[in-house]
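Chemist: Give me a model of this one.
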Amino acid sequence: MAFTLEELAGRFGGEVVGDPAQRVGSLAPLDQAGPQQLAFLANPKYLAQVETTRAGAVLISPDDLAKVASSEADAHGARNFIVTPNPYAYFARVAQAFIDLAAPKVQPGVHPGANVDATAKVAASAVIGPNVTVEAGAVIGENVRLDANVFVGRGTQIGADSHLYPGVAVYHGCRIGERAIVHAGAVIGSDGFGFAPDFQGEGEARTGSWVKIPQVGGVSIGPDVEIGANTTIDRGAMADTIIEACVKIDNLVQIGHNCKIGAYTVIAGCAGIAGSTTIGRHCMIGGAVGIAGHVTLADYVIVTAKSGVSKSLTKPGMYTSAFPAVDHADWNKSAALLRNIDKLRDRIRALEAALADKPQGGA
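Modeler: Numbering: from 1, shown residues only. Here you go, the predicted structure:
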């Protein structure tokens, strides 16, 4: 259950400085790590902890290693390092390796309590848990894992090495790419929120109703996508809702019908994205952001938490519309000023007009 530094460098790259035979069996913060643990430095403000840590080895960048060397009389003493340009990403990959070592191994096969249609195609290497339903024509790829109570609708395709946690529902006609992770309670492919108004008259005399628009598109999800617990992604009205490669979506996110989310974009919890919105590549959408329908966000847009986006953002950059938290009394003062800003505007205009009409005195 442990790796030598040499083994880690051989698997993930980087340069070992110190003892390549040093073994590490888990990860820990710099200030808590012991001799058999691996720590990492991603923020230079914690550089002093490198000098006092008991960690068996530290993941560190070349620049930070040079600072450590300049501050220690013996260059590095008996310390061990793996030098890598991005210690944080290296840490994430090593953490995955440790989890893979510790995780119980599951046996491929279909649980007796599962309900798999005879026309579904299920790879022999897949793991189908109890009470799973796989409907007609569905395709379950190699090494897919469907945990208890997962529902896979007719004609849906789940790509190789994907993992759907308990209670995930994927409606009919959807596609999930390779290596996807979908957490518990997520719903993919439910109907988009589409209704045509059919009302006549006004007030009490108004009659009619909302007419449901059939949602006959699907959801197409690319490879390496992760979808958080209880997130919902609606199917398209006619064309598919599209989630491109390596998108990361947090818990409790709503993505409306016919949206397109560009590759490598991340969306934090409780964000809501209305239908037919296009979000570019490498975007970052903060928690509780609301995005109106039929707008476009350019590549590399960042929207900070609790902001509302009501029009397209056509240039890369950071956008904010939410008011940051302040002292309650200060907020009350600001709110009072805001309520009266129209009166203040009228007074300023009146003063400007009066000054414009006043004769200007000579020198």
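
Chemist: Outside of the least confident helix or strand in the chain by mean pLDDT itself, list whatever touches it.
Modeler: Lowest mean confidence among the helices and strands of the chain (mean pLDDT, DSSP states H and E): helix 62-71, at a mean of 85. Helix 62-71 is contacted from outside by 17, 41, 44, 47, 50-51, 60, 75-76, 79, 81, 83, 85, using CB atoms under 8 Å, 6 or more residues apart in numbering. Where you see a C-beta, it was placed from the backbone N, CA and C, and this is true even at glycine.

Chemist: Buried residues in that helix, which are they?
Modeler: Buried residues in helix 62-71, counted by 16 or more other CB atoms under 10 Å: D64, L65, V68.

Chemist: What separation do you get for the second one and F91?
Modeler: Computed as CB to CB, to the nearest Å, the L65 to F91 distance reads 16 Å.

Chemist: A148 now?
Modeler: Counting by CB to CB, the gap between A148 and F91 amounts to 31 Å.

Chemist: Check G56 too.
Modeler: According to CB to CB, G56 stands 14 Å off from F91.

Chemist: neighbour-wise, which of those two wins?
Modeler: G56 (24 against 20; other CB atoms under 10 Å).

Chemist: So for that one, what's the pLDDT?
Modeler: Per-residue confidence (pLDDT) for G56: 96.

Chemist: coming back round to it: dump the contacts of helix 62-71 to TSV, plus secondary structure, pLDDT and neighbour count.
Modeler: As requested, those are exported to TSV (DSSP: H, G, I helix; E, B strand; the rest coil; pLDDT from 0 to 100; neighbours: other CB atoms under 10 Å):
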residue	secondary structure	pLDDT	neighbour count
V17	strand	95	20
L41	coil	95	24
P44	helix	89	11
L47	helix	92	15
V50	helix	93	22
E51	helix	88	12
I60	strand	96	26
A75	coil	47	10
H76	coil	50	14
R79	coil	86	21
F81	strand	97	24
V83	strand	97	20
P85	coil	96	11
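
Chemist: give the contact list for the closest residue to G18 other than its chain neighbours.
Modeler: Spatial nearest neighbour of G18, excluding adjacent residues (CB to CB, 6 or more residues apart in numbering): N80 at 3.3 Å. Neighbouring residues of N80 by CB under 8 Å, 6+ apart: L5, V16, V17, G18, D19, Q22, G56, A57, V58.

Chemist: For those residues, which single residue is the most surrounded?
Modeler: Within the contacts of N80, most neighbours by other CB under 10 Å means A57, with 28 neighbours.

Chemist: Burial check on A180, number of neighbours?
Modeler: A180 has 23 neighbours, counted by other CB under 10 Å.

Chemist: what does the model give it for pLDDT?
Modeler: Listed pLDDT for A180 reads 98.

Chemist: count of residues packed around the closest residue in space to it that isn't next to it in sequence?
Modeler: Among residues not flanking A180 along the chain, S162 sits closest, at 4.1 Å (CB to CB, 6+ apart). Neighbours of S162 under the rule other CB under 10 Å: 25.

Chemist: ok, S162 to K358 distance?
Modeler: Relative to K358, S162 is positioned 75 Å away (CB to CB).

Chemist: same deal with K105?
Modeler: Distance, K105 to K358, by CB to CB: 88 Å.
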